[in-house]
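Colleague: could you look at this predicted model? Sequence included:
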Amino acid sequence: MADALARALPPAALTLASACSMAVEIVAGRALAPYVGMSLYSWTIIIAVVLAGLSFGHWVGGIVADRAARPARAVGLTLLVAAATTALSLPLLRLAAPMAEGMGPVGHAGALALAAFLAPSLAAGIVSPVLTRMAMEAEPPARQGRALGLMFALGAAGAILGTLAAGLVLVSWIGTSASLLLLAAIYGVSALPFLGMRGGAGAAVALGLLLGLGGFGPGRALLASPCLEESEYFCIRIDETALFGRPARIMALDHLAHGVNDAADPAWLPSPYLHGVDEIVKRRLPAPEIDALFLGGGAYTLPRAWGATKPGARLIVAEIDPEVTRLAAERMGFLPESAELIHADARLALRRLPPERRFDVIFADAFHDVTIPAHLTTDEFHAEVAARLKPGGLYIANVIDAKREPRFMLSLARTLQARFAHVELWLDAAELGPGEARTTWIVLASDRATGVDEVNSTYGLPRTWLRAPTEAMLAVLPAGETAFLTDDYAPVDRLLSRLLTDPALAER
């Protein structure tokens, strides 16, 4: 019996440790999102930090496997370290976040990932070589190669299990804080069989105290989620604020505000780009009975406004996250009965509509952090959009990019020119002026020109939007610094990299 346990314990512990290490990596992405968003850059940094910790841990673990007089005890103690550092990762993240501000999104993400998630990965990496040596020594020499292969296989299987569990279950069902505490508990329980009766009892008490601190006083504050809701897609937060002398609510997804609504006045559009879209559409399509498709719901600010001000409008909103829709209805004043709702990826939603369905306006307002999902920027997608527009219809996309040398916005404009006779670039006049900054462009594509160079607000805040000469804007950068975007090649993150790496462009 003892021999069977000695053979079974290392493989089981390695499987659990591998599962926990990969689950921590997935949860780390969500944990960092309220501070730095989720982009190709932030995920790259998180993966690199976790792999660095595991790699260095494997090297240290090899030394421990050679030198440890009591390898089982070494494994137990290291798993306890993994439990402690995992439990402390979120408090460390909360403490480090304000100190790392001003470094730009990429530097900020790197500092936070190192502070919170390097140590758990290092500890998880150490146990693997020690457990593998224990498993090999439990077998006769003729079977040690087989034992080695089994440990490699179980490590990979555990990593798969942890990735699936975190991505499909933990974050969306119990949230970031509870997920990290659960993973810490699994590490701690895995340590107990390696520490003996006395050591295991002491470790259990210490682990219980550590995890229990999260429920009291400062511990609860440090572990409290910054999110109102953690869905499968976003950390959703709704903040009370006051804008232009009136109460309002802001919906933030991860760390980016996605809309501002006044509960008492659906027609009020405080965001200049949404106000600009509304004014441009009114001039092009003055009749209120319009067919409109919104690709992305967010705070549902414009669908809410059009539902209230355009009697007879037929509105469809494709929003990937049902929780965003639910909170927009519960907290942001959106009336779900005012529009047809499709909870699916915008491109898939477009394809699933009846083939005869056509629109006067298709408005793309889908963002993940400051970037538009790449598959919603390509020539192939634009062909699908163009086929869904009525004659004279408008495709409008808002784009966050630099005010000067906007590489992604110009790439999108060049790509749209392949499918639309007229591509126009609009900007809030208040954004004009010297200096570098990021701004929100309104990109309009149609078979007909708007025919004006300036649009002034007819209600609400006094604003003016100016049309930038498209060809002159396209000449700002050589073609080699932009890209024609296709399903095969759409380097959106690279084209927007300055917004993610330059602190001067990180915030407006």
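Modeller: Yep, it's here.
Colleague: leaving out chain neighbours, which residue sits closest to Ala33?
Modeller: Asp254 (4.1 Å; CB to CB, 6 or more residues apart in numbering). Just so you know, the C-beta spots here come from the backbone N, C-alpha and C atoms, and that holds for glycine as well.
Colleague: need phi/psi at the one you found.
Modeller: The phi/psi pair for Asp254 (degrees, to the nearest 10) reads phi 60, psi -120.
Colleague: can you pull the pLDDT of it?
Modeller: With respect to pLDDT, Asp254 scores 81.
Colleague: count of neighbours near it?
Modeller: Using other CB atoms under 10 Å, Asp254 has 24 neighbouring residues.
Colleague: distance from stretch 375-395 to the middle of the chain?
Modeller: Between the centre of stretch 375-395 and the centre of its chain there are 26 Å (CA atoms, centre = their mean, to the nearest Å).
Colleague: kindly report the same for stretch 484-493.
Modeller: For stretch 484-493, the distance to the chain centre is 19 Å (CA atoms, centre = their mean).
Colleague: of all the residues in that stretch, which ones are buried?
Modeller: Neighbour-count burial for stretch 484-493 flags Leu485, Ala490, Val492, Asp493 (criterion: 16 or more other CB atoms under 10 Å).
Colleague: looking at those residues, which has the smallest pLDDT value?
Modeller: Lowest pLDDT among the buried residues of stretch 484-493: Asp493, with 84.
Colleague: now name the helix or strand holding that residue.
Modeller: Element membership for Asp493 (DSSP states H and E) is helix 492-495.
Colleague: in contact with the residue nearest to Ala33: list those residues for me.
Modeller: Ala33, Pro34, Gly37, Met38, Phe234, Cys235, Asp369 (CB atoms under 8 Å, 6 or more residues apart in numbering).
Colleague: format these as a markdown table; extra columns: pLDDT, distance to Leu112 and neighbour count.
Modeller: Shown next, in a markdown table, are these (pLDDT from 0 to 100; distance: CB to CB, whole Å; neighbours: other CB atoms under 10 Å):
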| residue | pLDDT | distance to Leu112 | neighbour count |
| --- | --- | --- | --- |
| Ala33 | 80 | 11 | 25 |
| Pro34 | 78 | 11 | 22 |
| Gly37 | 72 | 12 | 23 |
| Met38 | 72 | 13 | 24 |
| Phe234 | 85 | 18 | 25 |
| Cys235 | 85 | 14 | 26 |
| Asp369 | 66 | 15 | 23 |
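Colleague: please flag which of these sit within strands.
Modeller: Cys235 (DSSP state E).
Colleague: next, format the contacts of Asp254 as JSON lines and append distance to Leu477.
Modeller: Shown next, in JSON lines, are the contacts of Asp254 (distance: CB to CB, whole Å):
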{"residue": "Ala33", "distance to Leu477": "31"}
{"residue": "Pro34", "distance to Leu477": "33"}
{"residue": "Gly37", "distance to Leu477": "25"}
{"residue": "Met38", "distance to Leu477": "27"}
{"residue": "Phe234", "distance to Leu477": "32"}
{"residue": "Cys235", "distance to Leu477": "34"}
{"residue": "Asp369", "distance to Leu477": "23"}
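Colleague: what secondary structure does Trp426 sit in?
Modeller: Following DSSP: H, G, I helix; E, B strand; the rest coil, the label given to Trp426 is strand.
Colleague: sheet partners, orientation included, of the strand ranked longest in the chain?
Modeller: The longest strand of the chain (DSSP E) is strand 389-402. In the sheet, strand 389-402 lines up against strand 359-364 (parallel), strand 438-446 (antiparallel) (DSSP bridges).
Colleague: tell me the helix or strand right after the longest one.
Modeller: Read that as strand 438-446. Next along from strand 438-446, by DSSP H and E: strand 454-456.
Colleague: list the buried residues for the helix or strand following that following strand?
Modeller: Going down the chain from strand 454-456, the next helix or strand is strand 464-468, by DSSP H and E. Neighbour counts over strand 464-468 (16+ other CB under 10 Å) mark Trp465, Arg467 as buried.
Colleague: could you do stretch 432-450 as well?
Modeller: Across stretch 432-450, burial judged by 16+ other CB under 10 Å covers Arg438, Thr439, Thr440, Trp441, Ile442, Val443, Leu444, Ala445, Ser446, Thr450.
Colleague: out of these, which is nearest to His275?
Modeller: The nearest member of the buried residues of stretch 432-450 to His275, counting by CB to CB, is Ile442 at 10.2 Å.
Colleague: neighbours of Leu461, just the number please.
Modeller: Using other CB under 10 Å, Leu461 has 12 neighbouring residues.
Colleague: test my guess that it contacts Asp278.
Modeller: No: using CB atoms under 8 Å, Leu461 is not in contact with Asp278, being 11.9 Å away.
Colleague: related to what we said a few turns ago, helices or strands up against the helix holding Asp493?
Modeller: For helix 492-495, the packing partners by 3 or more CB pairs under 8 Å, 6 or more residues apart in numbering; DSSP states H and E come out as helix 407-416.
Colleague: that older thread, pipe the buried residues of stretch 432-450 into TSV and attach distance to Asp291 per row.
Modeller: As requested, the buried residues of stretch 432-450 are exported to TSV (distance: CB to CB, whole Å):
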residue	distance to Asp291
Arg438	33
Thr439	30
Thr440	25
Trp441	25
Ile442	20
Val443	21
Leu444	17
Ala445	17
Ser446	15
Thr450	19
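Colleague: can you give me the first-to-last residue distance of stretch 463-480?
Modeller: Using CA to CA, to the nearest Å, one end of stretch 463-480 lies 35 Å from the other.
Colleague: so what touches that stretch?
Modeller: Contacts to stretch 463-480, defined as CB under 8 Å, 6+ apart, come from residues 272, 275-276, 279-280, 404-405, 407, 410, 413-414, 423-430, 432, 442, 450, 452-457.
Colleague: how distant is that stretch from the center of its chain?
Modeller: Its chain's average C-alpha position is 30 Å from that of stretch 463-480, according to CA atoms, centre = their mean.
Colleague: which residue ranges of this protein form strands?
Modeller: Under DSSP E, the chain gives strands at 229-230, 235-243, 246-253, 256-261, 291-295, 314-318, 340-342, 359-364, 389-402, 422-428, 438-446, 454-456, 464-468.
Colleague: of all those strands, which lies closest to Thr301?
Modeller: Comparing the strands of the chain by CB to CB, strand 256-261 comes nearest, at 4.3 Å.
Colleague: only alpha carbons, please: show the longest strand of the chain as CSV.
Modeller: Backbone C-alpha positions of strand 389-402 (Å, rounded to 0.1, in the frame of the first residue of the first chain) are rendered in CSV as follows:
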residue,chain,number,x,y,z
LEU,A,389,-26.5,48.4,-46.9
LYS,A,390,-29.3,50.0,-48.8
PRO,A,391,-28.5,52.5,-51.6
GLY,A,392,-27.2,55.6,-49.9
GLY,A,393,-26.6,53.7,-46.7
LEU,A,394,-23.8,54.5,-44.2
TYR,A,395,-21.2,52.3,-42.6
ILE,A,396,-19.7,54.2,-39.7
ALA,A,397,-16.9,53.1,-37.3
ASN,A,398,-15.4,55.0,-34.5
VAL,A,399,-11.7,54.6,-34.1
ILE,A,400,-9.4,55.5,-31.2
ASP,A,401,-6.0,56.4,-32.6
ALA,A,402,-3.4,59.2,-32.5
